[in-house]
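Visitor: could you work out the structure for the sequence below:
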Amino acid sequence: MFEYDRLLSEAWYANGLFWILNMAAEFVTIVILRQDVLHSVFMLVTALFNLTVNFVLIIMMLNTKKRSRSNPRLILEDEYFLANYQYT
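Guide: This next block holds a predicted model:
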């Protein structure tokens, strides 16, 4: 909440660590249960789907522009007024 109040990015442990650990846990689960996963189409499709989604989210997280004091997150009302500003 503190970072959002200051209009900055999340702390490193809020988003990045979660998705990386989630991907690692999914990978370890697949390795441990590889015999069951390979013999069940449902488990194989589910595992591949989860890995794909986690991978895409990690790529999106890495491509996200970090916010700082010089580049804060826009407030929704400010963004609306900037988009609808009438130049005279």
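Visitor: who are the packing partners of the longest helix seen in the chain?
Guide: As far as residue count goes, and with DSSP state H defining each element, the longest helix of the chain is helix 41-63. Identification of packing neighbours for helix 41-63 by 3 or more CB pairs under 8 Å, 6 or more residues apart in numbering; DSSP states H and E yields helix 16-32, helix 34-39. To be clear about C-beta, it is placed using only N, CA and C from the backbone, and glycine gets the same treatment.
Visitor: can you redo those helices as TSV with distance to Ala47?
Guide: Supplementary listing: the helices and strands packed on helix 41-63 in TSV, determined by distance: least, CB to CB, whole Å:
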stretch	distance to Ala47
helix 16-32	5
helix 34-39	5
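Visitor: make JSON lines out of these and add mean neighbour count.
Guide: As requested, the helices and strands packed on helix 41-63 are arranged in JSON lines below (neighbours: other CB atoms under 10 Å):
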{"stretch": "helix 16-32", "mean neighbour count": "13"}
{"stretch": "helix 34-39", "mean neighbour count": "12"}
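Visitor: relative to Leu51, which of these is closest?
Guide: Between Leu51 and those, the tightest spacing by CB to CB is seen for helix 16-32, at 5.9 Å.
Visitor: the closest one vs helix 41-63, what angle?
Guide: Between helix 16-32 and helix 41-63, the angle comes out at 150 degrees (axes from the mean of the first three to the mean of the last three CA atoms, to 10 degrees).
Visitor: what's the mean pLDDT across helix 16-32?
Guide: Model confidence over helix 16-32, given as mean pLDDT, is 90.
Visitor: nearest to Phe55, of the helices and strands packed on helix 41-63?
Guide: Phe55 lies closest, by CB to CB, to one member of these: helix 16-32, at 6.9 Å.
Visitor: quick one: residues in contact with that closest one.
Guide: 37, 47, 50-51, 54-55, 57-58, 61 (CB atoms under 8 Å, 6 or more residues apart in numbering).
Visitor: mind checking which of the residues you listed are buried?
Guide: 37, 47, 50, 54, 57 (16 or more other CB atoms under 10 Å).
Visitor: let me have these in JSON lines, adding distance to Phe18 as columns.
Guide: Formatted as JSON lines, these follow (distance: CB to CB, whole Å):
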{"residue": "Val37", "distance to Phe18": "23"}
{"residue": "Ala47", "distance to Phe18": "19"}
{"residue": "Asn50", "distance to Phe18": "14"}
{"residue": "Asn54", "distance to Phe18": "10"}
{"residue": "Leu57", "distance to Phe18": "10"}
